[in-house]
Structure formats: structure tokens, C-alpha cells
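Undergrad: Here's my sequence, what's the structure:
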Amino acid sequence: MTARQHAANRSNATKSTGPRTAAGDLIRLTAEDLRDPRRRPARASALRESWTAVERHLRAAGWRFSCVSPGVPIAPTQTAVLEAGDGDDRRVLVVCPGRAVYDLRFRRAGGEQWAAAADGAELGRAAVPPLDRPWNPIDDFPFGGDAYTLGDAFGGIYPPYRQRAVTAAAIGPAAVSVHALPTELLPAVAGTLAAHLHAPDRRVRAGEAAPGAHVFEYASEQWRYVRTLNAWESGRAADIMYAAGLGRATWFLKGILLDPDSRPQDGRVRPRLLVRVGAGGRPRPTILMWGRDYSYDLWSWDAGFLPLADFDRAAGYLRLSADRFAVDTPDKARALFRPQKG
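TA: Modelled structure (predicted):
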């Protein structure tokens, strides 16, 4: 049986079985997709179809996705927000990977709105702001002293950390166990948590040399992990590294702003290094970019392992310490994968 037939069978099983089986299928497909750096169209299609089936079941149960499109692979820092109800009474489920699952109730009456946990404990009250559109508690209800909304904290792919931390603390009393959720929510919650668990970004930040293509940036005399290229970005590594290093939005890659905080303030671009890790866990630096004045003027490429001469040339151009800068041995390449915060 071909890979395409296997994918079709898994997709049909997800559509025809209950939420618990659909959750298991979604977990398996997500793990396979994120742990294999090679692009497999049949598997990617099966995963998209599974998410589409999940969304269809959710809508039948009265739920809808907010902030996150279920057809797009979920980043490890991304949160799934689901909403049920219309009018002045809403229920919102926030699935925040690495933290908890929050079950909130929102209500509006007159010019006032308030939020509560599933057990009725009130989380806060606020005046309803002047609106020229229908009321949406995800974007209109402020949490914490800094008045962040759920949309502010969890609506983007890379939201500012303080917004996420302040809002998560404010809604902390609404945290619930996954086992307490209605069964129709299990596939969406399971898929989100599985994406976080198996995401290469999270694993690399934890110090694991996860299979894939990883971008590192040199700053403060050390290499620091930036991001992992996705399977659909295969063959575009140089373009992505260039655009991300300059803080540019690459619209040809689904309009995602790859690294919005990477533009340096001193007028000099930071060197970037692409390290590929195969299924055996052996890291290989293959592309090095460097330059000045917001431009990567020079770059080196080697399909096997970048030689010391390439690092010496870049270090001399940028007036850096070659000993710290060079990643020309397997031991130095493995040392790049150390636990990092943030």
C-alpha cells in the first residue's frame, strides 16, 4: 500500500470515528510530521484533512476557532483559542502550550462586561469600550494591570512575552484539566498540545539536536538559536535567512513575519548560520551569511560541512574572535544545541 493510500485511510478514519479516535489520529500525524524534517506531501495532506475534519466537528457542536487557523501547522509558541456562543454570553477555551488549558465565561450587560472561570469565580470586570463592530470578548476584555486582551497575548504567532505572561497569570484561576473538557474538544486540544510537544523549535531550545534545518545567529560573542525551517520551506533556506535577518516579511512564504525582532539597532547585521541535523542526530553547518549595513553581502555554502577557512574569512571581515566564531568541528556543532531561555 502506498503512502498516499495510507494517508487517505487515516483521513477517512478521522472523519468517520468519534472525537477520541480523531484525537489519537491527529496526535500521531502531528508527531510524524514534526519529527521528520523531510517534506512528504501525502502526510501533509492527511494532516490538513484531519484538522478540517476536527473543525467540522467543532462547528457542529457550536464551537469555532479564533486567532488560529486549524489548517496551518501550529508553532510551539502559538495558542489555540476556541469560542462558543453568540450575543452577550460567550464561552472561550484557551489552549496555551507549556502552561495550561483555560475555560472562561464572558458576559455583557448594559455598558459592563465581566469574565469568570468555569466554577463561577469572577476574574474581572470592565466597561465595554465604544465599538463600531459586534462585541468580541477575545479582543475587547482587558486582563491584568496592563489591560492585555486574549487577542493581544495569544492572537499572533510570536506575541510579546510580557503580554502572554501577564494575561496567563490573570486567567490562572480558570485553568482546568483536559479530562474535564467535553469530548468534542479533545481533538483540537490534543492536536495543539502534540504540536507543542514535538515541535523542533521547543526541542532545540531545550538542548536537543532535533532533526531539521536550524538557523543560529551570532551576537554577544556566541551563537544563539533563532528558528527552525519548516518542511514547506525546503530549498529556500538562503532566502529565508536573508529576509529574517533583516526583519522583513516574506510574503511568498504565506505572509509570515519570520523574525520581527531580529533587526539590530547598531546598523550591522548579525551573522547567521544554517545547521542541518539528519535522522542520526549529527549537526552539519552548511550555510554562513554575514555582512554590514543591513545587508548580507557575503555568504558561504557547503553541502557537507563548512570548512574553517570560511569562518576565518567572515571573522576577519567582521573583526570577531575566530575561536569563538568558528563552528568547524562536530564537537562545536553539537555544542550549539544547549538549553536556552525564551
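Undergrad: wait, residue 238 sits on residue 299?
TA: Yes: between residue 238 and residue 299 there is a contact at 7.0 Å, judged by C-beta atoms under 8 Å. C-beta coordinates here come from the backbone N, C-alpha and C atoms, glycine included.
Undergrad: The two: which is more packed in?
TA: The residue with more neighbours, out of residue 238 and residue 299, is residue 299; 18 against 15, by other C-beta atoms under 10 Å.
Undergrad: Test my guess that that one contacts residue 286.
TA: No: using C-beta under 8 Å, residue 299 is not in contact with residue 286; the gap is 11.0 Å.
Undergrad: could you pull out the strands for the stretch 201-342 of the chain?
TA: Counting by DSSP state E, counting those that start in this stretch, the stretch 201-342 of the chain has these strands, from start to end: 212-219, 222-228, 249-250, 256-257, 272-277, 283-290, 298-301.
Undergrad: For the longest strand seen in the chain, name the packing helices and strands.
TA: Using DSSP state E to define each element, the chain has its longest strand at strand 100-109. Counting contacts by 3 or more C-beta pairs under 8 Å, 6 or more residues apart in numbering; DSSP states H and E, strand 100-109 packs against strand 89-96, strand 112-117, strand 175-176.
Undergrad: and the first one, how far from the chain's centre?
TA: Going back to what we said before, that points to strand 89-96. Centre-to-centre, strand 89-96 and its host chain are 20 Å apart (C-alpha atoms, centre = their mean, to the nearest Å).
Undergrad: ok, residue 84 touching residue 65?
TA: No: when contacts are counted by C-beta under 8 Å, residue 84 is not listed as touching residue 65 (11.1 Å).
Undergrad: longest single helix anywhere in this protein?
TA: Ranked by residue count, the top helix of the chain under DSSP state H comes out as helix 41-60.
Undergrad: Can you mark which positions in that one are buried?
TA: Of the residues in helix 41-60, 42-44, 46-51, 53-55, 57-58 count as buried by neighbour count, 16 or more other C-beta atoms under 10 Å.
Undergrad: Deepest-packed of the strands of the stretch 201-342 of the chain, please.
TA: Of all the strands of the stretch 201-342 of the chain, strand 272-277 has the most neighbours on average by mean count of other C-beta atoms under 10 Å, namely a mean of 24.
Undergrad: Show me where the stretch 201-342 of the chain dips below the pLDDT cut-off.
TA: Scanning the stretch 201-342 of the chain for pLDDT under 70 picks out 231-232, 234-235, 243-269, 292-297, 341-342.
Undergrad: so where do the helices sit in it?
TA: 237-245, 308-318, 322-325, 330-335 (DSSP state H, counting those that start in this stretch).
Undergrad: The longest one to strand 283-290, inter-axis angle?
TA: When axes from the mean of the first three to the mean of the last three C-alpha atoms, to 10 degrees is applied, the directions of helix 308-318 and strand 283-290 differ by 30 degrees.
Undergrad: List the buried residues in helix 308-318.
TA: By 16+ other C-beta under 10 Å, the buried positions in helix 308-318 come out as 310-311, 313-315, 318.
Undergrad: Kindly confirm whether my reading is correct that residue 125 touches residue 113.
TA: Yes: counting by C-beta under 8 Å, residue 125 sits close enough to residue 113 to count as a contact (7.2 Å).
Undergrad: which residues make contact with the longest strand of the chain from outside it?
TA: 88-96, 113-118, 123, 128, 135, 137, 141, 168, 171-172, 174-178, 180-181, 189 (C-beta atoms under 8 Å, 6 or more residues apart in numbering).
Undergrad: List only buried entries from those.
TA: Buried members of these, counted by 16+ other C-beta under 10 Å: 90-96, 113-118, 123, 135, 137, 141, 168, 171, 174-176, 181, 189.
Undergrad: ok so, going back, which neighbours do residue 238 and residue 299 share?
TA: Listed as contacting both residue 238 and residue 299 by C-beta under 8 Å, 6+ apart are 287, 289.
Undergrad: number of nearby residues for residue 20?
TA: 12.
Undergrad: What does residue 62 show for phi and psi?
TA: Dihedral pair for residue 62: phi 90, psi 10, per degrees, to the nearest 10.
Undergrad: per-domain residue ranges of this protein.
TA: The record's domain parsing of the chain by automatic domain parsing lists 3-61, 80-181, 200-335.
Undergrad: Which one of those domains lies nearest to residue 193?
TA: Of all those, it is domain 80-181 that lies closest to residue 193, at 6.1 Å by C-beta to C-beta.
Undergrad: gap between the two ends of the closest one?
TA: Terminal residues of domain 80-181 are spaced 15 Å apart (C-alpha to C-alpha, to the nearest Å).
Undergrad: Now do it, average pLDDT.
TA: Across domain 80-181, the average pLDDT comes to 87.
Undergrad: just to revisit the earlier point, and the helices of the stretch 201-342 of the chain as CSV, adding distance to residue 277?
TA: Output for the helices of the stretch 201-342 of the chain, formatted as CSV (distance: least, C-beta to C-beta, whole Å):
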stretch, distance to residue 277
helix 237-245, 13
helix 308-318, 19
helix 322-325, 20
helix 330-335, 9
